[in-house]
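Q: Pasting the sequence and the predicted model now:
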Amino acid sequence: MTREEFLDLVAAGEGPGVEFKNPRGAADHNFWEVAKAVLGMANRRDGGLVLVGVADNRSIEGLSETQVASWENVDAVRQKLGPFADPFAYVDIQVVDAAADGAPGRRCAAIAVQPFDQVPLLCGRAFSSHGREVLRQGACYVRSRQMPATTEIADHAAFRVISILFSEHQFFRAFSAASASNAYHFSRQPSAPRTSLKRP
């Protein structure tokens, strides 16, 4: 992702496939908010992006050096996400410098979340913050259709959307497997005699 692409995303604001999170490190207590956003993005058809270091009002606040270092360790972030997601959430992380002149304090983390592979992701563990349960084990989190936020499935409309996505994934997996099998069998057929275009 280029700086220009990042700035365009921020200027467009939050949406179904983009969520902003104010500055934090991967080791901070409020990491659960990022994990929740990742779960919601993974349950979309095309996945989504979580931009860390950007406020809800589109202000690019940037990350400290310590915070940047925590997001650059991608394997550690994936391991930390592991207990929150069932099955595993696939993410890539890029640190983007949003300052035109390379000024410090303007770097942000862009987390690219891949859509679920076989089945929708469920929350793998419960989590409480300030005495309140903020993540419920076994819950299915999705992106809200009414506002740019991640919420637990609470109505039939949201459930229908995730069910359709699941059906699509199953269809394409079956189609891909069948296509691969047919290609294999076709390649095993004996080659036909070549037809000459020359006059006898």
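A: Yep, that arrived. Note that the structure is a prediction, hence the values are computed from the model and not measured.

Q: The protein: strands as residue ranges?
A: Ranges of strands within the chain are 18-21, 48-52, 85-86, 91-97, 107-113, 122-123, 127-129, 132-135, 141-143, 150-152, based on DSSP state E.

Q: Among these, which comes closest to E72?
A: Taking C-beta to C-beta, strand 91-97 is the member of the strands of the chain nearest to E72, at 5.8 Å. For glycine as for every other residue, the C-beta is placed from the backbone atoms N, C-alpha and C.

Q: That closest one packs against which elements?
A: Helices and strands touching strand 91-97, as assessed by 3 or more C-beta pairs under 8 Å, 6 or more residues apart in numbering; DSSP states H and E, comprise helix 3-12, helix 65-72, helix 74-81, strand 107-113.

Q: Leaving aside the residues adjacent along the chain, what's closest to Q114?
A: Y90 (4.0 Å; C-beta to C-beta, 6 or more residues apart in numbering).

Q: Extract the residue ranges of the chain that are flagged as low pLDDT.
A: In the predicted model of the chain, residues 101-105, 154-200 satisfy pLDDT under 70.

Q: what about the residue positioned nearest the centre of the chain, distance to G131?
A: Nearest to the mean C-alpha position of the chain, counting by C-alpha atoms, centre = their mean, stands V113 at 1.5 Å. Computed as C-beta to C-beta, to the nearest Å, the V113 to G131 distance reads 29 Å.

Q: And for F116?
A: Using C-beta to C-beta, F116 is found at 31 Å from G131.

Q: Check K80 too.
A: Using C-beta to C-beta, K80 is found at 23 Å from G131.

Q: go on, G13?
A: Distance, G13 to G131, using C-beta to C-beta: 32 Å.

Q: Counting neighbours around each, name which of these two comes out higher.
A: Higher neighbour count among G13 and G131: G13, with 12 against 5, using other C-beta atoms under 10 Å.

Q: Excluding chain neighbours, give the residue nearest to the more buried one in space.
A: Excluding its sequence neighbours, the residue lying closest to G13 (C-beta to C-beta, 6+ apart) is R58, at 6.0 Å.

Q: Many thanks, I have nothing further to ask.
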